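[1] I would like the atomic coordinates for the input below:
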Amino acid sequence: MRYKLLGKSGLRVSEVCLGTMTFGETWGWGASREESRRIFDGYISAGGNFIDTAVNYTDGAAETLLGEFLSGQREAFVLATKYSLTTPDAKNPNSGGNSRKNMVQSLERSLKRLQTEYVDLFYLHAWDYLTPVEEVMRGLDDLVRAGKVLYVGISDTPDWIIAEANTLAELRGWSRFVAVQAPYSLLNRSLDWAILPMAKHWEMAVLPWGILESGILTGKFLDKVKDPTRVNPAELKLSEKSLEIVQVVKAISQETGRSMAQVAINWVRQQQSRALFIPLLGTRSVAQFEDNLAALEWELTAEQLSHLDEVSKMQLGFPHNFLEGNPYLFGATFDQIDTH
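    Residues are numbered from 1 along each chain as shown. Here you go, the predicted model:
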C-alpha cells in the first residue's frame, strides 16, 4: 500500500479507501459482522489506514461495527464519516439535511457508535438546496475548533456550491474542504464535465464511489445472479454504449488474466491527470475485497487505457470545446507556453 496526501492537507492516507456501506446486513445485501471483520482485517493487513463510513449506513450498524473493530487501535487510522441523510420514513423534519442542528446531532451519534472523541474527516453527505452555505461552513469550522473534527469534506454536491463554500471558507478563515466524494466509473463519467476540473483547481482529493457500478462492471450481470445485490437484475436495462463498455472491460480482463473488477478499478486509479483519485473499495465478501485490492499489483497499459477512454468518453460540449486550445486565447505561441 502506498500513501497520498489528502488534498491540500498534510494528512497521509492509503491510496485506496475502505468503504463500509456494506458492513451490516440491515439493508438486506450487506456483510455479516464476521465477514465485515475479515474485510477490515484484510485491509489493515495490506497497510490500509483510511476508512469511510456514514451515520446512516446500514441504519447505524456500520459505525457500530467499526467502533468495535477500531477499539484499542483508533489512533492508527484516518476515520471518515458523514452527516445529512436519514431514513425515508423519518417523521422529524430536522433528522436529515445540512443544517447545523442535524450536523451536530449526527456527529454526536457517530462519535458514540465509533467509540471515539473525534473523527479525522467529516463530510457533508448530500446537498439539500435549503441550508445556507455560510451556515454549513461556519458549523463545520466550529466542530474543527472544538477538536471533534480534524478535516472537512463534501459529497454528492454541485460543483458551484463546493466552489462557493471553499471561497467563503478562505475569505473567513474557516476550514475548507480537502476532499470530495462523487460517483465515477467507466459507465458514468459525468464528473468530467465540472466536478473533476473544480477539484483539481481547489487541490481536493476525489474519492470516487460506485466505480464498479453495483457490480455491473464485474460482469456478473452477464449471467444469472443468485446472491442479493443492490441492483435488481430483473430491472437492469443497459444501453448499447454501456454494453459495449462492459464487453471492452471483459476483453481486457481476458487479455491480462485479471478480473473485470480490477480492470475497472485500475482505469479509475490511473486517471491521476484528471484529479487526485483515492478510490473507495466497498465489498460484500472477503473474496470480493481481495480481488479488488489485487488491482494495486498491476496497471493497465497506455493502449488499454486509451481503448477504455475512447469507448467510455462523453461529449463535454461548451465551454470545454470552446476554450481548450482556442487560438484566439493563445495565438501562435500556444505550443510555446508551459501549461504545467
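[2] Buried ones in stretch 91-98, by neighbour count?
    Across stretch 91-98, burial judged by 16 or more other C-beta atoms under 10 Å covers 96-98. To be clear about C-beta, it is placed using only N, CA and C from the backbone, and glycine gets the same treatment.
[3] ranges for the helices of the protein?
    Here the chain has its helices, by DSSP state H, at 33-45, 61-70, 100-114, 133-145, 159-172, 195-201, 240-256, 260-269, 286-293, 302-312, 320-323, 327-330.
[4] looking at those, which is buried most?
    When you average the neighbours per residue for each of these (mean count of other C-beta atoms under 10 Å), helix 260-269 leads with a mean of 24.
[5] start to end distance for stretch 248-262?
    13 Å (C-alpha to C-alpha, to the nearest Å).
[6] now that stretch, how far from the centre of its chain.
    23 Å (C-alpha atoms, centre = their mean, to the nearest Å).
[7] Residue 259 contacts residue 253, correct?
    Yes. Counting by C-beta atoms under 8 Å, residue 259 touches residue 253, with 6.1 Å between them.
[8] Any stretches of the stretch 201-340 of the chain with poor pLDDT?
    223-236, 339-340 (pLDDT under 70).
[9] Make JSON lines from the buried residues of stretch 91-98 and add distance to residue 72 and pLDDT to it.
    As requested, the buried residues of stretch 91-98 are arranged in JSON lines below (distance: C-beta to C-beta, whole Å; pLDDT from 0 to 100):
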{"residue": "96", "distance to residue 72": "33", "pLDDT": "95"}
{"residue": "97", "distance to residue 72": "35", "pLDDT": "97"}
{"residue": "98", "distance to residue 72": "34", "pLDDT": "98"}
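[10] which one of the helices of the chain lies closest to residue 208?
    helix 260-269 (5.6 Å; C-beta to C-beta).
[11] of all the buried residues of stretch 91-98, which comes closest to residue 70?
    For the buried residues of stretch 91-98, the nearest to residue 70 is residue 96 (26.0 Å; C-beta to C-beta).
[12] can you pull the contacts of that closest one?
    84-86, 90, 102, 128 (C-beta atoms under 8 Å, 6 or more residues apart in numbering).
[13] which of these has the most neighbours?
    Highest neighbour count within the contacts of residue 96, by other C-beta atoms under 10 Å: residue 84, with 26 neighbours.
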